Structures are given as C-alpha cells and as structure tokens.
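Visitor: Sequence and predicted structure are below.
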2 protein chains.
Amino acid sequence: MAAPRPRSAAGTRAAILTAARTRFAADGYERTTLRAVAGDVGVDAALVVRYFGTKEALFSAAAEFELRLPDLAGVAPGDVAAALLPRFFAVWEEQGTFLALLRAAATSEAAAAAMREVFVRQVAPALAAVTPDQPARRAALVGSQVLGLAFTRYVLRAAPLAEMSRDELAAAVAPVLAHYLSGPLG
Amino acid sequence: MAAPRPRSAAGTRAAILTAARTRFAADGYERTTLRAVAGDVGVDAALVVRYFGTKEALFSAAAEFELRLPDLAGVAPGDVAAALLPRFFAVWEEQGTFLALLRAAATSEAAAAAMREVFVRQVAPALAAVTPDQPARRAALVGSQVLGLAFTRYVLRAAPLAEMSRDELAAAVAPVLAHYLSGPLG
DNA sequence: CCGCAATGTCAACGCTTGGTGACTTGGCGC
DNA sequence: GCGCCAAGTCACCAAGCGTTGACATTGCGG
C-alpha cells in the first residue's frame, strides 16, 4: 500500500524544522504555535517538544543563520554591490530563515541579539575586507540599508519596492552601497 | 488624605493611551497585554476594554500616525535630508508611537497596512514635491533607508549605529537621501 | 520469538489571554 | 437631600497556549 505514513520517516525532525522555519517567517515568533507547526507536518505537538525541548529551542534550531557571503578581498567598492546582491535575494527569498529572524527580532530581544551577532560575525568582517577606513561604521550603514530594503520589500510589501525586479533594485541600490563603503562619511 | 486615588481623573483615558503606546513600542503587539497596560495606569483591565472596546482598537487609537513632515516644495534635493532628519529623530525617539507601529508591522498585517498607508499618504506626497522624475520609486528608496536606519538603531540597537550621535548619523545619511532623490536610478 | 528502544499519540495540566456582565461608588444637578 | 450617570471594580468565562507523562505501535538485534 505504498506506506502512506509508514512509521518513522526519520526525516520527521527535518520536516518539523522546515515547517517551523516557514511558520516563523510568515507569522513571527509569538503567533507561531507548536500545534500549527506540528499540524503542518501531520504530527502531534508533543512530538515537536520531544525533539526540540521547548519553543524557544525550536526557534533557535530553525534559525541557523549562515549568510555565506562571498569573499570580498580585492573587490573594488564599486563592485561590492554586484557581488553581494545575489546573496541578498537568495537569503531573503529562497529560504524563509532570515525573514523569520527579522520578524522575530522586532519583538524578541533574543532574536535581536542573534541578528546583531550575524552582523558582527558575518557582515562586518566581510565588508572590512573592502575598506580600511572606519569599517564598522561603514558596514553598519550598509547593513541598515539592506535591512530596510528587506523590511520594505518582504515584510511591508510596500508597492514600488515589492514590485521592482531584482535587477532594477540592484541597479538602484548599488551606488548607495558603493558610497557607504568608499565615500566620505560626513 | 490628599486623595491618593481621588476617583475619576477624567484623564484616565488619555493615561491608558499613553501607557498603551509605551507598551506597544517596547514589547510589540502580541506581547503587550491589556492587563499590563491597565496595571501601568493603576486600573482594572476591564476598564481598558470599556474605553476602547478591543485590543486591536486600542492599538489603532494608540497609533495615530501623524508624521507632520515639513513642506518640501522648492527645497533642493541636497537640502532635503537636513530638512527631514529633525523630524526623523523626533518621530522615532520622542514618542514611542512610530516605534510601536514598526514593531507591530513585523507580525501584523493590519499594522503593516497602516505603515504602507503612512508611506502613501504622507511620505510619498511630501517627497514628490522635490522630484518630478519617478517620485514613487525614489520615495520608496528613501523610505527603505529611513526604515532600515530606525530598525537598526532603535529596534536592534546594533552597536555602531545606535551609538552614533544624531549629527554624525545625519551627515552620513544625507548624501544617500540626496542621491535617491536626484541621482540616476540605475 | 522476544524484548526493547525509538517513534509517535493522547489526554490532560496549569496558566495566561481577551472579553463580558453584574455590581459598587462617587460626584453633581435638581 | 436625592437620584442618577459616569467611572471603576470584581468575579468569571471560554479559548488557546506550552508543556507533561502515560500509553500505543513499530522495527530491529539477540
């Protein structure tokens, strides 16, 4: 009978994680319920707890934030945007992971801390390879623009930005990133 | 005994609204509880309901989004940032109103809609006075940068941006806003 | 063939939440 | 003085939440 629910897929744990990611990304932390996640997988909520212990632990497990930014050493500031933006779209669109973190960070200090961590450990070092002058400040400004873009486009879905193509967006934003990385800071 | 709780301050309703604004700004929509708001005022939760009917209605009442942007007609794109940034800091720091909306927008479609409304009805028209060329798109880009700044500085409180002075921040961002308003879009 | 660990379900818990309705109390107009 | 309305409290739901522990079922190693 092709084993409709054959018993122990072993991938159940992974399925829960995927479902959790989707839910957290769509609804945020508080509105996401263990029962809903469990329901998506076709499983009891108690099982989710069995696997992950607690809702917060599930969130931590679901939000594994690997940006995997490319190596920017030797890249000219003007070309950084072109090198980075493909990752931008991948990170925000392909998996919901990062969107979940952004949503959760709005109300959860733990999630906000995780986001700061991503910035300090992944974004800032990658950008530091491009500018020797005030790298932290420049990276922060780039980060703020990127976050604002993501928030406007993927969370707010505000009209003009949500409907621009990737290429249009990339073209519009590239000069600004270049300016933050190499222009005067004030 | 100097009437410690004299009975009917008449400003109770206003006090509830203020407390609600603070709570929503600090904790976001879902983590804010009617009981907590009531407790801040020293009042029963039922009274809050009596006054505002429902939690969502309380939120709507608490989030009266008047940006009160200055008239930008005749202002050169290069001077727009200087004209706008004082309002930026006032809106995000002085009252928690807008911060509450930003936090709530991350997980509530209603709040997101309210934020889009603010953009369409207040930000876009104000900026349209500056640029005849693709005003909607330019305004959206400005908005995304401003939102990103607010999110990074006030929600995330990420190190470099949260600690920069208003003047430093203004100086760093001004050229970018000018570019979005008058530079090529790609 | 038997036992056992893994995988999973079920029912229930304690708690908090938004919301309701009956009641009390104070101040003011008449 | 008296009655009445606003302002406020109290006890109480029903629902939903995360979490728990006891129980079923399966596959596998001896």
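Guide: Looks like it came in fine. Numbering: from 1, shown residues only, chains lettered A, B, ... in the order given.
Visitor: Longest helix of chain A, counting residues only.
Guide: Longest helix in chain A by number of residues (criterion: DSSP state H): helix A:12-31.
Visitor: Show me what the next helix-or-strand element following that one is packed up against.
Guide: Following helix A:12-31 in sequence order, the next helix or strand is helix A:34-41 (DSSP states H and E). Contacts defined by 3 or more Cβ pairs under 8 Å, 6 or more residues apart in numbering or on different chains; DSSP states H and E place helix A:34-41 against helix A:12-31, helix A:45-52, helix A:55-62. For glycine as for every other residue, the C-beta is placed from the backbone atoms N, C-alpha and C.
Visitor: Redo those helices as a markdown table? Include mean neighbour count, mean pLDDT and distance to chain B.
Guide: Formatted as a markdown table, these follow (neighbours: other Cβ atoms under 10 Å in any protein chain shown; pLDDT from 0 to 100; distance: least, Cβ to the nearest Cβ, whole Å):
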| stretch | mean neighbour count | mean pLDDT | distance to chain B |
| --- | --- | --- | --- |
| helix A:12-31 | 20 | 94 | 3 |
| helix A:45-52 | 16 | 97 | 19 |
| helix A:55-62 | 18 | 95 | 14 |
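Visitor: could I get those as CSV with distance to residue B:131?
Guide: Below are the helices and strands packed on helix A:34-41 laid out as CSV (distance: least, Cβ to Cβ, whole Å):
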stretch, distance to residue B:131
helix A:12-31, 35
helix A:45-52, 51
helix A:55-62, 42
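Visitor: Export those helices to a markdown table and append columns for distance to DNA strand C.
Guide: Output for the helices and strands packed on helix A:34-41, formatted as a markdown table (distance: least, Cβ to the nearest atom of the strand, whole Å):
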| stretch | distance to DNA strand C |
| --- | --- |
| helix A:12-31 | 4 |
| helix A:45-52 | 3 |
| helix A:55-62 | 12 |
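Visitor: Tell me which of those helices sits nearest to residue A:163.
Guide: helix A:12-31 (20.0 Å; Cβ to Cβ).
Visitor: which parts of chain A sit against DNA strand D?
Guide: A:6-8, A:32-36, A:45-46, A:49, A:53-56 (Cβ under 7 Å from any atom of the strand).
Visitor: Good, wrapping up.
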